[in-house]
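Novice: Predicted model and sequence follow; I will ask about them next.
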Amino acid sequence: MKSLSPEMQAHLDEGTTTLCWCWRITRADGVVFGFTDHDRTLAFDGTTFEPESGLTASEVRSGSDLSVDAQDAQGVLSSDRITETDILDGRWDNAEVEVWRVNWTDTAQRVLLRRGAIGQIRRGRLAFIAEMRSQSHVLGQTVGRMFQATCDAELGDTRCLVNLDAPAFKGNGAVIDLLRDRAFTASGLGSFAAGWFGFGTMTWTSGANAGRRAEVLSHDLTDGIAILTLLEAPVRPVAETDAFVIHAGCDKRLATCAAKFANVANFRGFPHIPGQDAVLRYATRDGGHDGAVL
C-alpha cells in the first residue's frame, strides 16, 4: 500500500485534482532523463521533467499473481532527448524507470507509484512505443550457473582470466572495402589465422560508429586480407578507413579453450556430461551391457 503525505491525501479528497504523470529514466550509462505528460516543465529531487518529450502513457496492466506488470509509453522521435539512433544503439534497453503521480501545482505533493525497467521497444520511422516492465520481470531471469558441456564464462572476465589485451588476442584494423551491410574487408589483421576473431568483439575507434561495440560472427582470410562479418549491421553506415580494435573470440568448447587460450584450468563448463545420445540409449541384444565405461 502506498503511503501518501497528508497534503497529497487532502488534495485527492478534494475531488477536483491537478495531477500528471512524471517518469524518471536512468540509462545504463548513468544519464538521467525526466519526462512528464504535463504542458510545462516540472522539477523535483534534482531532476527536470520536460514536457516536450512526446510521451503518452497507457493504462497500467497489473495482476495479483507474479506476472510482469507493464505500462506502455508512446512517443514521437522529434525531441533531441529521445533519438532514434540512441534507441537503435540500445542505450535505452533495460533503463531504470520511476513512475510518479504528481500534483503539478505543488510538486512536493507526489507519490512514487512503481519502479521498473524499459523492456521491449517497438519503433517506426517517426514514433516508438516503450514497454515499462515492473521489477517482477527479474524473477523470470536465470540466476546461477548452467549445467552444460560448454563454458558459461564470458571470455576475459574474472572467471575466465584470459588477458584479451595481450597481443595474441588483440588486433587493430581498418575497413578497406564494404562487401555487404555487415561484412567488409579489413587491413592490419593479416598475421592472424582465419577464424581467430570469430565470435569475438570489436570496438569502432573512428567513423560514424566510434565508441560502439559490435559482435563478430565470422573471420575469414583471403590472400592475406581479413574478411569480417558482424552479427548485426551497424546502426550507422560503415565507411572505408573506419578504424577499430578487435578481440579474439571463443566458441565455449573445451578443445578451443585448450588449443587457443591454454586456459583449461579456468574452463567453466562440464564437458564430460552425457550427451543426448547417451540419454536416449536403450538396451539391445548385441552386448555392451557389462557395466564398463561408455
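Specialist: Ah, there it is. As the structure is a computational prediction, the values presented were derived from the model and not from experiment.
Novice: From here on, just use CA atoms for contacts and neighbour counts.
Specialist: Noted.
Novice: Now the element after the lowest-mean-pLDDT helix or strand in the chain, going C-ward?
Specialist: Least confident helix or strand of the chain, by mean pLDDT, DSSP states H and E, is strand 70-76 with a mean of 50. Tracing the chain past strand 70-76, the next element assigned as helix or strand by DSSP states H and E is helix 84-88.
Novice: How far away from the center of its chain is that next one?
Specialist: 13 Å (Cα atoms, centre = their mean, to the nearest Å).
Novice: Same check on stretch 184-194?
Specialist: Mean-position distance between stretch 184-194 and its chain equals 28 Å (Cα atoms, centre = their mean).
Novice: buried set for it?
Specialist: Phe184, Thr185, Ala186, Ser187, Leu189, Gly190, Phe192, Ala194 (16 or more other Cα atoms under 10 Å).
Novice: quick one: the fifth one is in a helix?
Specialist: No - counting by DSSP: H, G, I helix; E, B strand; the rest coil, Leu189 falls outside a helix, being coil.
Novice: isn't it right up against Gly171?
Specialist: Yes - at 6.5 Å, Leu189 counts as touching Gly171 under the criterion of Cα atoms under 8 Å.
Novice: could you pull out the helices for the stretch 151-294 of the chain?
Specialist: Here the stretch 151-294 of the chain has its helices, by DSSP state H, counting those that start in this stretch, at 254-261, 276-279.
Novice: May I see those helices organised as a markdown table, with mean pLDDT, mean neighbour count and distance to Glu154 added?
Specialist: Listed next are the helices of the stretch 151-294 of the chain as a markdown table, based on pLDDT from 0 to 100; neighbours: other Cα atoms under 10 Å; distance: least, Cα to Cα, whole Å:
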| stretch | mean pLDDT | mean neighbour count | distance to Glu154 |
| --- | --- | --- | --- |
| helix 254-261 | 95 | 15 | 12 |
| helix 276-279 | 72 | 8 | 25 |
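Novice: now those helices as a markdown table including distance to His11?
Specialist: Shown next, in a markdown table, are the helices of the stretch 151-294 of the chain (distance: least, Cα to Cα, whole Å):
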| stretch | distance to His11 |
| --- | --- |
| helix 254-261 | 65 |
| helix 276-279 | 65 |
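Novice: May I have the residues that are in contact with the residue most central in space within the chain?
Specialist: Nearest residue to the geometric centre of the chain (Cα atoms, centre = their mean): Asp93, 5.9 Å. By Cα atoms under 8 Å, 6 or more residues apart in numbering, the contact list for Asp93 reads Arg27, Ile87, Ile118, Gly119, Gln120.
Novice: Let's verify it: helix, strand, or coil?
Specialist: Secondary structure, three-state DSSP: Asp93 is coil.
Novice: What pLDDT does the model give it?
Specialist: What the model reports as pLDDT for Asp93 is 82.
Novice: right, so of the helices of the stretch 151-294 of the chain, which gets closest to Glu215?
Specialist: Among the helices of the stretch 151-294 of the chain, the nearest to Glu215 by Cα to Cα is helix 254-261 (18.5 Å).
Novice: and the closest one, C-alpha only, in PDB?
Specialist: Only the C-alpha atoms of helix 254-261 are listed here, as PDB (Å, rounded to 0.1, in the frame of the first residue of the first chain):
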ATOM      1  CA  LEU A 254      37.000 -27.300 -24.100                       C
ATOM      2  CA  ALA A 255      39.100 -28.000 -27.200                       C
ATOM      3  CA  THR A 256      39.200 -24.300 -28.100                       C
ATOM      4  CA  CYS A 257      40.000 -23.300 -24.600                       C
ATOM      5  CA  ALA A 258      43.000 -25.700 -24.600                       C
ATOM      6  CA  ALA A 259      44.300 -25.100 -28.100                       C
ATOM      7  CA  LYS A 260      43.700 -21.300 -28.500                       C
ATOM      8  CA  PHE A 261      43.900 -19.900 -25.000                       C
END
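Novice: How far does it sit from its chain's centre?
Specialist: Using Cα atoms, centre = their mean, the offset of helix 254-261 from its chain centre is 28 Å.
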